[in-house]
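Chemist: below: sequence and its predicted model.
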Amino acid sequence: MTKKELAIANHDRKFNCAQAVACAFAEEIGVDEKTLFQAAEGFGLGMGGMEATCGALSGAVMLAGFKNSDGNLENPATKADTYKLSKEMVKCFKEKTGSCVCKELKGIETGKMLCSCPDCIRCGVEVAQEVLGL
């Protein structure tokens, strides 16, 4: 099963879009699926109400921190590099979908859907693979 297929299967199991993407890469980033599931829960539905960042993108960006952070609580040194990765992910996602905002992607105000949830999930997986090398 490909990562895209796994992420869609997660969504079919009632994972939100952030959970679907993040949990698809549990093995690659060395974090158990339950932890990723819990961490991503609040990022679904455009952070709770379609007003903000697409959950699929949020789940992918979450992976950047897990993959890149040095985890050094006393003297963190990786933030700038992780921010660069995140910025690249946002750019790539927007190029693929037309927006990073859930309500814009769903066409809530315009009536024109730019990208369905399953397609956003697929794009979130692609971005994680392309930018993070997962």
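Modeler: Cool, the structure landed.

Chemist: just checking, what packs against the lowest-mean-pLDDT helix or strand in the chain?
Modeler: For the chain, counting by mean pLDDT, DSSP states H and E, helix 44-48 ranks last in confidence among helices and strands (a mean of 88). Counting contacts by 3 or more Cβ pairs under 8 Å, 6 or more residues apart in numbering; DSSP states H and E, helix 44-48 packs against helix 17-24, helix 55-68, helix 102-106. Where C-beta positions appear, they are placed from N, C-alpha and C, glycine not excepted.

Chemist: off-centre distance for the longest one?
Modeler: In this case it means helix 55-68. Mean C-alpha position of helix 55-68 versus that of the full chain (Cα atoms, centre = their mean, to the nearest Å) differs by 5 Å.

Chemist: repeat that for stretch 50-64.
Modeler: Computed by Cα atoms, centre = their mean, the chain-centroid distance of stretch 50-64 equals 4 Å.

Chemist: ok, and for that stretch, which residues are buried?
Modeler: By neighbour count with 16 or more other Cβ atoms under 10 Å, stretch 50-64 contains the buried residues 50, 52-64.

Chemist: and which of these is nearest to Glu95?
Modeler: Leu57 (11.9 Å; Cβ to Cβ).

Chemist: that closest one and Glu104, how far apart?
Modeler: From Leu57 across to Glu104, the span is 12 Å (Cβ to Cβ, to the nearest Å).

Chemist: before we move on, what about Lys4?
Modeler: In terms of Cβ to Cβ, Lys4 sits 22 Å off from Glu104.
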